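Colleague: test case, fold it:
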Amino acid sequence: MYEEFAYIYDKMMLEDVDYIEWADYIEDLFRLYDIRPKDVADLACGTGNMTTILSQRGYNVIGIDRSEDMLSVAQEKAREQGLRIPFICQDLRRVSLHKTVDAVLIVCDGINYILDDSDLDKVFSGIYSILKPNGVLLFDISSHYKLSSILGNSIMIDNDTDISLIWQNDFDDQMGICTMELTFFVREGSLYRRFDEIHVQKAHRICDIVGRLEQNNFIDINCYNHMGFSQPQEDSQRILFASRKPK
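Modeller: Residues are numbered from 1 along each chain as shown. As a prediction, the model looks like this:
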């Protein structure tokens, strides 16, 4: 996953995602939890869009992702902006740092790529170990409703002059797994180059995630409609989870 896609990821995401607004929302959550973090770990950081914004705002940010290609793009982006950000290639399930941090972030579906409960425990246990006492964990998911009913069993086509995409989804109701087959056609001069990727995401239930956070000793657990502070509804498409490590 995210191999050749890493090099066109920003072109596709930046058209649809307002990372500045998202960073503002994260800082609102910091204030809600009455925390002024200095050191922040951005897990599953991708091409570093959130990482660089937070670094520009004065946080000491560490970017972590399992994709070397994504991190290569992130490192180049940080260099171009004159930012000194350490980027580490690690799997979410095996996170380890040489120092603890005040806050951990996982934005834009990182947790959806964790497909079973035992791995989810590994993720939360590892995060707990790198958080300082009273540290905050913030992450979002694409909801069960979105993956099952919006994406579900569907085919989507996006035609663009430079990049065209055929996106075919298959949702397994019994397993709660959405398999996404992506076919890209990227313009290179007068020709188009094709490449394919398969992404698999788990449609986690809110109660299951809350239960796993509790089992891994997190407290002050809350969930919200993304970009707001209202409670998620049945048709919420993105849900934000916030929790804290005890003092």
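
Colleague: count the neighbours of residue 30 for me.
Modeller: Per other Cβ atoms under 10 Å, the neighbour tally for residue 30 reads 19. The way it works is simple: take the backbone N, C-alpha and C, and place the C-beta from them, glycine included.

Colleague: next: the one 5 residues further on.
Modeller: Residues lying near residue 35 (other Cβ under 10 Å) number 15.

Colleague: residue 43 too?
Modeller: Neighbour tally, residue 43, other Cβ under 10 Å: 26.

Colleague: tell me who's in contact with it.
Modeller: By Cβ atoms under 8 Å, 6 or more residues apart in numbering, the contact list for residue 43 reads 64, 65, 92, 95, 104, 105, 106, 110, 127.

Colleague: just flag the most distant two among the residues you listed.
Modeller: 65 and 127 (14.8 Å; Cβ to Cβ).

Colleague: follow-up on the earlier one: in helices only, show me the contacts of residue 43.
Modeller: Of these, the ones assigned to helices by DSSP state H are residue 127.

Colleague: go ahead and confirm residue 162 touches residue 185.
Modeller: No - between residue 162 and residue 185 there is no contact under Cβ atoms under 8 Å: 9.5 Å.

Colleague: and the two? Which one has more around it.
Modeller: When neighbours are counted by other Cβ under 10 Å, residue 162 and residue 185 differ, and residue 185 comes out ahead with 17 against 11.

Colleague: how many other residues sit next to residue 210?
Modeller: Counted with other Cβ under 10 Å, residue 210 comes out at 16.

Colleague: other SSEs contacting the helix or strand encompassing it?
Modeller: Element membership for residue 210, per DSSP states H and E: helix 206-215. With contacts taken as 3 or more Cβ pairs under 8 Å, 6 or more residues apart in numbering; DSSP states H and E, helix 206-215 sits against helix 117-130, strand 219-225, strand 238-244.

Colleague: thanks a lot, see you next time.
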